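Visitor: sequence first, then the predicted structure:
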Amino acid sequence: MDGTCPFVEDSFSRFSSQSNIYGLCAAGGRDLLAATLKGKVICFKYQDLRQKIRPVAKEVQFTYIPVDAEIVSIDAFHKSPPKRGLVVGITFIKDSGDKASHFLNIYCDYEPGSEYNLDSIAQSCLNLELQFTPFQLYHAEVQCGGGIETVFLLSGHDQRIHLYKENASLHQFEEQPVESLFPELQDLPSNVLWMDVVSVPGSSRRITAFGCQSGCVGVALVDQERHEVLQSWRVQQDGPISTVLLFTLREQNQTGPGSGEPPFNLLVTSTMEMAVVYRDVLSRGLCSQALLPDSELHDSVLCALVTDLDFDGEPEVLLGTYGQELLCYKFLLPEERGRGLEEPGGRFELVWRRSFQSPLLSINYVDLTCDGLCELAVISLKGLHVLQHSLTHTADVFLQRLRQRVALLQEEERKGGEEKTEEEGEGRERRKEEIRKERRRRRRRRRERRRETVSRVGGLTDVTGEESVRPVSVRFQAAD
C-alpha cells in the first residue's frame, strides 16, 4: 500500500443533527439529498455563482414531515421511460409520547414542467402510515407488463420486504404483495438491513442479494418473465450485515470460464467481522470467498461502495468504518493466470486509506460539477464531506492515457504505411508483369507477320491458308 489517496476535500457541510447509514441518495444527475435524524433534508449541489462553481447546501421543505420527526431512510429515482419525473421517498418515525408512529412519504409531481423541480416535488406528497419500523428504502427496476418499471422496496422490523408500485391511472403509489414481482424476498430468516438488485445483461434474469440482522446473507437468481426463483444460496455470518453489493470485474471476465455472461461477485460487510467478497456467485454460490485484509481493524464497517476510482476500467472497493477510516481495495491478479474454476486466482489488497474526524456512515460517487469527474460524497456523524479527484493525479493519468493513445495511433499509422508500401510494391510488380506480357505479345505478332510475308513470297500458302500454284521453273540452255 502506497497510502496515497487520490482525493482532496473540496467542501464540508455541517449538519444540525447526525444522519445514519440510510441517509444519503442521489437525486438526478447533480444533486445529493442528505437526511438528518431531526427531520431535515439537505440538498447539496454545485452552482455557478459569480462566474465560479461553488458548493451550495440548502434545506428542502418536504411537506408532511413533523418538526419532531426522526428520519430513518431516504431514496430517489427517475421514472423508467417513457414515464417522466423524479420520485423521492422518505421514511420517518413520529414520537407521540406513549406510542411511536411510522410513515413513508412518497413525493412526485405530475404537473407538466414540474416533474424534475425538487421544490415543487417536495409539495406533492403521498403519506402512508406503516405498521412496522422501517429500515432501508431501496429502488429497483423490474420487467412488468412488457416494459420496465421502477419500484420502491422497503425493509422493516417485521422480517418482511414491502413493495410500493406506481398506479399510473390514480397518479399514486400503492403497496403490493412483494411475491408478485420479487418471489425471492418472501419467507426471510431475519430483518433485512441491506439489499441489492442487479439485472443480468442480455437476459430476463436478475440477481438479488440481502443481508440480515442475524448475520444471514442470501443470494437468488430469478427469471423475471416467469417470476420464478431459479437458484438461491444462503450463508450464516457472525453479527449484523451492514452492506451487500453485487459487482463484476473486467479482469475476471477475461480470465474466467467462458459462460457467456460476466461473473458476479458479492461484497459483504459486517459490523463484527472482516469484509469479504464472494467470487462468481452464479457458478460457485457462496463458497469461494476473498477476504479484505485489515478491514476489521477500524471498528465496524458501516458503508461500502464499488466503483472505478482510478480510471482504469476496473472497480475498486471502498469501505467506510466507524473507526473514522475510508479504506480502498483493488483486485490484483496473480502472476500465474488460469488456475481453473476450483481455485480462482487474484486477491484484494489495500491500496490507500484516508482518515476523518468522525465515524463514516454513508458514501456515494456522483458527478456534481458536470465536468466528467465524479465527486466522492461521504457522510460522517458531523456532516457531508465532498472529495474531488486531485487535479495533479488526474492530469498525470490523462497524459499517460494520451501518450498511450498517440503511441497506438502511430503504430497503426506505421502498419498502414507498411501495408501501403507492400501494396505499392505489389502494384509495381503487376505493372512489370503486364509490360513483359505485352512485349511477348508484340514479339509473337512480329514473328507471325514475318512468317506470313515469307509464305506469300514463297507461294507456300496465302493469307487464308489455301494452296497456291507453285511457279514453274524454266531453264534456259545455251545454244551450241
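Guide: Sure thing, it's come through. Residues are numbered from 1 along each chain as shown.
Visitor: what segments of the stretch 1-150 of the chain are strands?
Guide: Assigned by DSSP state E, counting those that start in this stretch, the strands in the stretch 1-150 of the chain fall at 7-14, 24-26, 32-35, 41-49, 52-60, 69-78, 86-95, 100-107, 125-130, 134-144, 147-156.
Visitor: mind putting those in TSV, mean neighbour count, mean pLDDT and distance to P183 included?
Guide: The C-beta positions use only the backbone N, C-alpha and C, and glycine is treated the same way. Below are the strands of the stretch 1-150 of the chain laid out as TSV (neighbours: other Cβ atoms under 10 Å; pLDDT from 0 to 100; distance: least, Cβ to Cβ, whole Å):
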stretch	mean neighbour count	mean pLDDT	distance to P183
strand 7-14	15	95	41
strand 24-26	23	97	27
strand 32-35	25	98	31
strand 41-49	16	92	34
strand 52-60	13	92	36
strand 69-78	22	97	22
strand 86-95	22	96	23
strand 100-107	18	97	23
strand 125-130	15	96	23
strand 134-144	20	95	12
strand 147-156	20	95	13
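Visitor: closest to S300 out of the ones you listed?
Guide: strand 134-144 (16.5 Å; Cβ to Cβ).
Visitor: quick one: distance of that closest one to the chain centre.
Guide: Here strand 134-144 is found 18 Å from its chain centre; the criterion is Cα atoms, centre = their mean, to the nearest Å.
Visitor: what packs against it?
Guide: Helices and strands touching strand 134-144, by 3 or more Cβ pairs under 8 Å, 6 or more residues apart in numbering; DSSP states H and E, are strand 69-78, strand 86-95, strand 100-107, strand 147-156, strand 192-199.
Visitor: okay, the strands of the stretch 1-150 of the chain in JSON lines with distance to A377 next?
Guide: Below are the strands of the stretch 1-150 of the chain laid out as JSON lines (distance: least, Cβ to Cβ, whole Å):
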{"stretch": "strand 7-14", "distance to A377": "10"}
{"stretch": "strand 24-26", "distance to A377": "7"}
{"stretch": "strand 32-35", "distance to A377": "6"}
{"stretch": "strand 41-49", "distance to A377": "8"}
{"stretch": "strand 52-60", "distance to A377": "11"}
{"stretch": "strand 69-78", "distance to A377": "14"}
{"stretch": "strand 86-95", "distance to A377": "17"}
{"stretch": "strand 100-107", "distance to A377": "21"}
{"stretch": "strand 125-130", "distance to A377": "26"}
{"stretch": "strand 134-144", "distance to A377": "18"}
{"stretch": "strand 147-156", "distance to A377": "22"}
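Visitor: which one, of the ones you listed, ends up nearest to E423?
Guide: strand 147-156 (50.4 Å).
Visitor: closest one to V351 among the strands of the stretch 1-150 of the chain?
Guide: Using Cβ to Cβ, the strands of the stretch 1-150 of the chain put strand 7-14 closest to V351, at 12.8 Å.
Visitor: which of the helices and strands packed on strand 134-144 sits closest to R442?
Guide: Here strand 192-199 is closest among those (Cβ to Cβ), at 73.8 Å.
Visitor: next SSE downstream of that closest one?
Guide: strand 205-212 (DSSP states H and E).
Visitor: that'll do, ta.
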